[in-house]
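Peer 1: my questions concern the predicted model and sequence given below.
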Amino acid sequence: MLKVALLPDENASELIKRNQPLKDYLEEHLDKKVQLIVTTDYSSMIEAMRFWPYRLGRISVRCPTSWPKAKSDIEPFAVTVIDGKPTYRSVIIANVASGVNEYADLKGKKMAYGDRASTSSHLIPKTVLLETAGLTGGRDYEEYFCGHA
């Protein structure tokens, strides 16, 4: 059996349902049973792939930077493609009453992120704030981490 680890970026049952085509494809082309397993976070996925019998993980573009620390031989081999192009997207959302209309307006405000290791809910927004507005988390705005619940 091939165990495939999935990141908990949405409700577990929805995640399993959304990845059913991947499971079906792998079972058909590998002639092997496949089990989809939702991990609790990025770190648990990397650890599961290092020590458990998981041999495939559907993870974000950020994770490869964690792999050297994990001292593992995990190697990326595919990327999400939409309309024939590799894609990745992240958004920053502010309450209309907050007075935030551009990135620089976040100075002195509170910023909530998802998982610390998340590409879309932490690393991309944090990088955008630094590169476009010169804002550094913890210095120019307060940071809060909410996970992927």
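Peer 2: Cool, got the structure.
Peer 1: next, count neighbours for E10.
Peer 2: E10 is flanked by 13 other residues according to other C-beta atoms under 10 Å. From N, CA and C alone the C-beta is placed, and that goes for glycine too.
Peer 1: residues contacting it?
Peer 2: Listed by C-beta atoms under 8 Å, 6 or more residues apart in numbering, the contact partners of E10 are R18.
Peer 1: report the secondary structure state of it.
Peer 2: Applying DSSP: H, G, I helix; E, B strand; the rest coil to E10 yields a three-state assignment of coil.
Peer 1: distance check, it against G114.
Peer 2: Separation of E10 from G114 (C-beta to C-beta, to the nearest Å) stands at 12 Å.
Peer 1: so after the lowest-mean-pLDDT helix or strand in the chain, what's the next helix or strand?
Peer 2: Least confident helix or strand of the chain, by mean pLDDT, DSSP states H and E, is helix 67-70 with a mean of 49. Per DSSP states H and E, helix 67-70 leads on to strand 81-82 as the next helix or strand towards the C-terminus.
Peer 1: contacts for that following strand, please.
Peer 2: By C-beta under 8 Å, 6+ apart, the list of residues contacting strand 81-82 from outside reads T87.
Peer 1: the next helix or strand after that strand: partners in the sheet, and parallel or antiparallel?
Peer 2: Downstream of strand 81-82, the next assigned helix or strand under DSSP H and E is strand 85-86. Its sheet considered, strand 85-86 pairs with strand 81-82 (antiparallel) by DSSP bridges.
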